[in-house]
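A.B. asks: What shape does this take:
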Amino acid sequence: MPSPWRRRTFLQAAGGGALALGLTGTLARPSAASEVPGADGTFTTASDAEYDALRGKWRSLILGTGFSPTAEPYRTILTSLGTTAAGYRATMVPANGSLWPGRSWTDPEPDLDAESYAFSAVMNDSYNRLRTMAEAYAQPGTGLTADAGLRDAVLTGLDHLHTEIYNENTTRYGNWYNWQIGAPQALMDTCVLMYDHLSAAQIADYCRAVDAFVPDSVFASYTGTSTGANRVDLCRGVILRGIVGKDPGKIALASQALAPVFPYVTSGDGFYDDGSFIQHRNVPYIGGYGAVLHDGVGRLLALLRGSTWEVKDAGTQLFLDTIEKAVAPFLYNGLIMDNVSSRGISRIGGNEHQRAHGLMATILLVGQGASAEENARWRAMVKGWLQRDYYYPALKNPGLSLIRASLLQALQDDTSVKAAPEPVEHRLFPNMARATHRRRGWAASLSMASNRIAHYEFGNGEHARGYHTGAGWLSWWGSDFGLEQYSDAYWPTVDPYRLPGITASRKPLADGEGGNWGQPMPDAAWVGGTTDGEYAAIGQHLKGISSTMDAKKSWFCLDDSIVCLGAGITSSDGHTVETTVDNRALGATGAPVLTVDGKAQPVTQGWAATFDDVEWAHIGGQAGYVFPHGARLNAVREERTGSWRDINTGGSPDPITRRYLTLFTDHGLDPTDGAYAYVLLPGAGARTTAHRARDRGWLRILANSADQQGVRVPKLGLTAVNFWAAGTVDRIRAGAPASVLVREHRNGTATLVVSDPARQATSLDIVWNRGVSRVLSKPATVTAATTGSSLKLTFGDLTGQAGAPQKITVRLG
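C.D. replies: Numbers count the residues shown, from 1 in each chain. Below is the predicted model of the structure:
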């Protein structure tokens with residue numbers, strides 16, 4: 001049957017028949033071999049064969065290699081791809097202002113408002129659809145492989161988009177991203193896949209359009225929208241434009257422009273020495289833009305490796321180091337923790353497991369350019385995540401691309417790689433107000449806000465009710481339970497004022513509180529803590545978003561538990577203030593037993609109760625909770641209904657209902673000095689929880705006030721204090737605000753770890769009233785140390801240490 005699309009006479013664009021756009025913007029025919037600038041700025045020889053090889057390489061990085069289209073999971077992925085592409089082709093009707101009915105990019109009042117953002121997004125999405133169709137055409141097993149009708153539809157769509165909107169005569173409107181990153185990437189990917197069917201004139205037209213919207217000037221300075229993941233995305237679009245158009249200058253320019261991404265930063269966007277990653281000035285984003293950056297850099301390094309433009313920047317090792325410093329700490333048993341994904345958690349069709357799948361494959365791709373030792377460690381790490389994710393295994397994700405599926409499946413089939421267990425460690429990220437705590441059998445993570453880190457990010461209509469995700473949200477997962485906690489429609493259905501661990505005013509907040517891209521930050525400096533790498537003291541001076549609520553919150557992360565303290569809780573909002581002990585998602589039908597002080601409570605939906613002087617509580621199959629001084633505890637079972645549209649304008653309006661069991665403390669209306677104290681024991685049984693509640697000697701709460709919060713755990717030889725103000729707690733005295741953790745070891749030594757979370761201490765004296773014979777090691781920040789019946793440490797200026805822990809080792813005397 002003849003194709004319904006108009007036929008063209010195609011020029012084979014390989015060899016000398018292709019036109020390329022030079023840096024001056026004039027069309028030139030490249031010679032078979034010419035002197036061209038490489039990634040290091042020196043000139044060398046490149047040929048048409050090299051461009052052809054690079055296109056082939058990128059084609060493989062899009063489509064994947066070495067898999068059988070009839071084997072799973074590939075057959076399912078390819079079938080799904082073919083079905084999607086067929087649907088796009090069947091409904092594609094080129095018209096003025098659109099390729100698909102009802103999806104117009106024509107903006108009657110083009111500017112930078114939300115409506116213009118939406119119109120420009122349609123243009124971007126149209127290119128994405130064409131890329132999907134091109135993939136179905138190029139891939140085997142889609143049912144549309146080498147289909148002439150699909151080919152012609154793609155070519156018609158490319159021409160239509162170029163003629164109507166994406167050309168050098170159009171003035172940009174709406175979201176810059178759609179014009180400079182989204183559309184160029186999809187366009188160039190499609191050109192690579194359809195290259196043999198494009199004429200030289202078409203290639204020149206499309207390259208000229210990219211040049212117009214992504215001029216060389218985007219790389220002139222590492223600022224604004226040309227930093228971090230955005231810079232990598234811009235480089236990708238221009239490098240591919242250079243390959244498709246055989247323009248060596250473009251490839252050289254963009255490959256060199258990757259250089260600022262590699263060094264660690266001390267402010268703004270990028271990776272920090274402590275493993276933090278920030279995008280959009282003040283938003284932790286390892287699970288979003290960080291994942292994009294790793295995927296982009298990984299692919300570009302693989303693409304250019306061995307070519308004239310191979311990236312040989314010394315900083316690439318810093319980038320490789322971020323796999324273990326920044327990414328791995330937030331991946332747990334096949335999920336990427338939601339507290340580093342910001343707006344991504346509000347998007348329908350994705351959850352913390354699905355976001356992790358692509359990142360896991362990226363680690364394997366990046367590993368191909370790492371040392372043999374690094375690559376071996378990373379492959380073992382990824383295999384462990386693959387094997388332990390019982391909730392949403394990566395290789396059962398139908399949305400996984402073929403390249404990612406092939407990388408993960410090959411690892412799964414490689415019997416020489418043994419799965420690595422999850423590490424037992426604590427990781428503190430002062431530069432993004434996050435922490436992760438991993439133990440055998442569970443992991444937890446803290447999310448905070450400060451005068452450096454936003455409460456949350458709202459933009460593009462996304463993440464409308466994330467306003468309390470920086471209020472001390474304590475998320476946790478078991479190794480073989482609870483991996484679904486945040487993955488089963490949690491965000492559209494949870495009460496946003498009752499996230500686990502937070503303290504919040506019930507003052508009603510508007511969707512998107514703080515404004516579009518407002519990224520509000522509290523005027524609170526003391527946020528962070530200290531750690532010896534196993535245990536930790538974390539604190540947050542919490543100031544509520546658009547609220548008068550103020551609180552001091554501390555978490556002491558131990559071997560099988562987390563001690564949670566709060567004090568100085570005040571507010572004058574005219575609303576009650578609550579601290580949420582936990583809020584467990586129970587899915588559509590879950591009904592675990594809640595036990596309070598040994599008595600099982602009703603499982604009826606809608607049940608609620610208040611208990612006085614509670615010593616312990618337990619949720620069956622989940623966790624135990626101990627209240628060392630007794631507590632007034634509220635408990636609620638409820639079914640909550642919401643939709644993805646409620647939190648993201650691009651989401652479905654269809655209602656979803658999920659069950660929750662919430663434990664919280666009500667501090668009352670406008671409290672003046674509220675407090676709380678509880679211990680979270682993830683995975684503990686009811687008997688273990690009850691025993692811990694009866695063991696009065698296990699934990700001593702040394703202080704819980706607005707000035708200091710501290711604990712002692714004799715069994716662990718641990719004393720930890722957060723000093724909000726100078727003072728003395730037990731044997732420790734601090735001359736200024738600080739976080740201090742002391743570990744006494746059985747070998748007669750002790751470790752002290754001290755930090756200045758507020759970054760305001762120009763000097764600091766710490767005294768430990770314990771006999772010390774000598775100092776074994778200390779950092780340069782310790783300017784004096786006196787031993788004897790007590791240890792006195794004098795620190796110099798700590799303001800430049802970015803809240804990092806300072807570790808001292810001593811011999812006890």
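A.B. asks: Every contact and neighbour count from this point should use C-alpha atoms.
C.D. replies: OK.
A.B. asks: Give me the contacts around the helix or strand containing Val753.
C.D. replies: Here Val753 is covered by strand 749-755, with elements defined by DSSP states H and E. Judged by C-alpha atoms under 8 Å, 6 or more residues apart in numbering, the contacts made with strand 749-755 from elsewhere in the structure are 529-532, 738-745, 803-812.
A.B. asks: Next, the angle strand 749-755 makes with whichever helix or strand comes after that strand.
C.D. replies: Sequence-wise, the next helix or strand downstream of strand 749-755 (DSSP H and E) is strand 764-768. An angle of 150 degrees separates the directions of strand 764-768 and strand 749-755 when computed by axes from the mean of the first three to the mean of the last three C-alpha atoms, to 10 degrees.
A.B. asks: Quick one: list the elements packing against the helix or strand following strand 764-768.
C.D. replies: Sequence-wise, the next helix or strand downstream of strand 764-768 (DSSP H and E) is strand 772-777. In terms of contact count using 3 or more C-alpha pairs under 8 Å, 6 or more residues apart in numbering; DSSP states H and E, strand 772-777 is assigned the packing partners strand 806-812.
A.B. asks: Low-confidence bits of the protein, can you list those?
C.D. replies: Under the criterion pLDDT under 70, the flagged ranges of the chain are 1-45.
A.B. asks: Just give the closest residue to the spatially most central residue of the chain, not the sequence neighbours.
C.D. replies: Compute the mean C-alpha point of the chain, and by C-alpha atoms, centre = their mean the closest residue is Gly287, 1.7 Å away. When the adjacent residues along the chain are set aside, Gly287 lies closest to Ser341, with 4.4 Å between them (C-alpha to C-alpha, 6 or more residues apart in numbering).
A.B. asks: That neighbour is in contact with Gly288, isn't it?
C.D. replies: Yes: taking C-alpha atoms under 8 Å as the contact criterion, Ser341 and Gly288 are neighbours in contact, 4.9 Å apart.
A.B. asks: joint contacts of these two?
C.D. replies: Residues touching both Ser341 and Gly288 by C-alpha under 8 Å, 6+ apart: none at all.
A.B. asks: Could you turn the buried ones of the contacts of strand 749-755 into a ChimeraX selection?
C.D. replies: For anyone working in ChimeraX, the buried entries among those, judged by 16 or more other C-alpha atoms under 10 Å, can be selected with:
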select :529,530,531,532,738,739,740,741,742,743,744,803,804,805,806,807,808,809,810,811,812
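A.B. asks: Export only the CA atoms of the longest strand along the chain, formatted as CSV.
C.D. replies: Taking DSSP state E as the assignment, the strand of the chain that covers the most residues is strand 623-642. These are the backbone C-alpha positions of strand 623-642, laid out as CSV (Å, rounded to 0.1, in the frame of the first residue of the first chain):
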residue,chain,number,x,y,z
ALA,A,623,8.0,0.2,63.4
GLY,A,624,8.0,0.9,67.1
TYR,A,625,7.8,4.3,68.8
VAL,A,626,9.1,4.9,72.4
PHE,A,627,8.2,8.0,74.4
PRO,A,628,10.9,8.3,77.1
HIS,A,629,9.0,10.8,79.3
GLY,A,630,5.5,9.7,78.4
ALA,A,631,3.5,11.7,75.8
ARG,A,632,0.0,12.7,74.8
LEU,A,633,-0.4,11.0,71.5
ASN,A,634,-3.0,11.4,68.8
ALA,A,635,-3.7,8.6,66.3
VAL,A,636,-5.9,8.7,63.2
ARG,A,637,-6.9,6.1,60.6
GLU,A,638,-8.2,7.7,57.5
GLU,A,639,-8.9,7.3,53.8
ARG,A,640,-7.7,10.3,51.8
THR,A,641,-8.8,11.1,48.3
GLY,A,642,-6.9,13.4,45.9
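A.B. asks: Beyond it, next helix or strand please.
C.D. replies: The element immediately downstream of strand 623-642 (helix or strand, assigned by DSSP H and E) is helix 644-647.
A.B. asks: how about the CA coordinates for that next one, as PDB?
C.D. replies: The C-alpha coordinates for helix 644-647 follow below in PDB (Å, rounded to 0.1, in the frame of the first residue of the first chain):
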ATOM      1  CA  TRP A 644      -2.300  14.300  40.600                       C
ATOM      2  CA  ARG A 645      -3.900  17.400  39.200                       C
ATOM      3  CA  ASP A 646      -4.100  18.700  42.800                       C
ATOM      4  CA  ILE A 647      -0.400  19.000  43.100                       C
END
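A.B. asks: Which parts of the stretch 51-200 of the chain are strands?
C.D. replies: Using DSSP state E, counting those that start in this stretch, the strands found in the stretch 51-200 of the chain span residues 98-100, 103-104.
A.B. asks: Distance to Thr308 and mean neighbour count added to those strands, as CSV?
C.D. replies: Formatted as CSV, the entries for the strands of the stretch 51-200 of the chain read as follows, by distance: least, C-alpha to C-alpha, whole Å; neighbours: other C-alpha atoms under 10 Å:
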stretch, distance to Thr308, mean neighbour count
strand 98-100, 39, 21
strand 103-104, 42, 18
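A.B. asks: Turn those into CSV, including distance to Ser561.
C.D. replies: Below are the strands of the stretch 51-200 of the chain laid out as CSV (distance: least, C-alpha to C-alpha, whole Å):
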stretch, distance to Ser561
strand 98-100, 55
strand 103-104, 52
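A.B. asks: Let me know which of the ones you listed is the nearest to Gly651.
C.D. replies: Proximity of those to Gly651 was assessed by C-alpha to C-alpha; the nearest stretch is strand 103-104, lying at 16.3 Å.
A.B. asks: Paired strands for that closest one, with orientation please.
C.D. replies: Taking DSSP bridges as the criterion, strand 103-104 forms sheet pairs with strand 98-100 (antiparallel).
A.B. asks: circling back to that earlier point, I figured the residue nearest to the centre of the chain hits Met337, correct?
C.D. replies: Yes: with contact defined as C-alpha under 8 Å, Gly287 and Met337 form a contacting pair (7.4 Å).
A.B. asks: between whichever strand or helix holds Leu793 and strand 764-768, what angle do the directions make?
C.D. replies: Following DSSP H and E, the helix or strand that holds Leu793 is strand 791-795. Angle between the axes of strand 791-795 and strand 764-768 is 170 degrees (criterion: the same axes, to 10 degrees).
A.B. asks: For strand 791-795, name the packing helices and strands.
C.D. replies: Counting by 3+ C-alpha pairs under 8 Å, 6+ apart, the packing neighbours recorded for strand 791-795 are strand 764-768, strand 782-786.
A.B. asks: Cheers, nothing more for now.
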